[in-house]
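Q: Pasting the sequence and the predicted model now:
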Amino acid sequence: MSRTAFKQWVATMNKVVNAVLFQACWFSAVMHSWSLAVLPLLCLLFHGLWQERGKHDYSKLALLVAFGFVFDTLMFQAGLFASPTANVAAVFGMPLWLMAMWCAFSLTLGSSLNWYVSYPRVFIAVTALAGPLSYWGGMRLGAIMIEPAGFALLALEWGFIAFMVVRFLGEGKSIPSGPNRKIQGRSILNSASFGS
């Protein structure tokens, strides 16, 4: 195996590990509690810091996470979201497991979801649908209760988040158009791709 092929294999495996750790965090969070989700979340963070150096701009991702925290907290405060049990650990009404999920999601953008972000229109449209579906999955597993109007707001939230990722976090103008796009050999969400 050539050095180039080996590097490509390692990069692919890093994306697979990133995706698997995200799913482990999601299932741990919605089926058990935030404390169980902490382990895969820490593994995801450690993997990003160690194996995927330069693929994440943590200060920019922190803004995305903060937006998610604020929006979902407002949804809880407005009564559109609710925890099914009274003893769920929460901050301002927002469960800690959902906070863990926002952190985990942000760590996929420069790694396992990077290919997806490189198709801006598709990313925005599919994220506006997939985001609410993730919450619906959590609701079906008994982790959260959501009023019907909450799903419409979730679609708007996730569509806006995808737009933020493409335009502000990933500088959508730098994403080439056409099939088989390459992002100049780097993640669109790494620190080198941000304007200052």
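A: Great, that's in hand.
Q: Show me what the worst-scoring helix or strand of the chain on mean pLDDT packs onto, helices and strands only.
A: Lowest on mean pLDDT, DSSP states H and E among the helices and strands of the chain sits strand 90-91, with a mean of 80. Contact here means 3 or more Cβ pairs under 8 Å, 6 or more residues apart in numbering; DSSP states H and E; on that basis strand 90-91 packs against no helix or strand. Using the backbone N, CA and C atoms, a C-beta is placed for each residue, glycine as well.
Q: and the very next helix or strand once past that strand, which strands flank it?
A: For strand 90-91, the following helix or strand on the C-terminal side (DSSP states H and E) is strand 94-95. Using DSSP bridges, the strands paired with strand 94-95 are strand 90-91 (antiparallel).
Q: who's in contact with the partner strand?
A: Outside strand 90-91, the residues within contact range by Cβ atoms under 8 Å, 6 or more residues apart in numbering are 73, 76, 83, 96, 99.
Q: can you pick the most crowded of those residues?
A: Counting neighbours by other Cβ atoms under 10 Å, the top entry in the contacts of strand 90-91 is residue 99, with 22 neighbours.
Q: Under the pLDDT cut-off, which ranges of the protein? List them.
A: Along the chain, the parts satisfying pLDDT under 70 run over 33, 51-56, 86-87, 169-196.
Q: Run through the helices of it in chain order.
A: Using DSSP state H, the helices of the chain run over residues 3-31, 34-50, 58-77, 96-106, 114-117, 120-140, 148-164.
Q: pull the CA atoms of the shortest one into CSV?
A: The C-alpha trace of helix 114-117 is given here as CSV (Å, rounded to 0.1, in the frame of the first residue of the first chain):
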residue,chain,number,x,y,z
ASN,A,114,-17.7,17.2,6.0
TRP,A,115,-18.5,15.6,2.6
TYR,A,116,-22.2,16.4,3.2
VAL,A,117,-21.6,20.0,4.1
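Q: which helices and strands does that helix pack with?
A: Against helix 114-117 (3+ Cβ pairs under 8 Å, 6+ apart) you get helix 120-140.
Q: how about a cut-off of 10 Å?
A: Contact here means 3 or more Cβ pairs under 10 Å, 6 or more residues apart in numbering; DSSP states H and E; on that basis helix 114-117 packs against helix 3-31, helix 120-140.
Q: Mean neighbour count and distance to residue 45 for these - can I get that in TSV?
A: Converted to TSV, those look like this (neighbours: other Cβ atoms under 10 Å; distance: least, Cβ to Cβ, whole Å):
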stretch	mean neighbour count	distance to residue 45
helix 3-31	16	9
helix 120-140	17	20
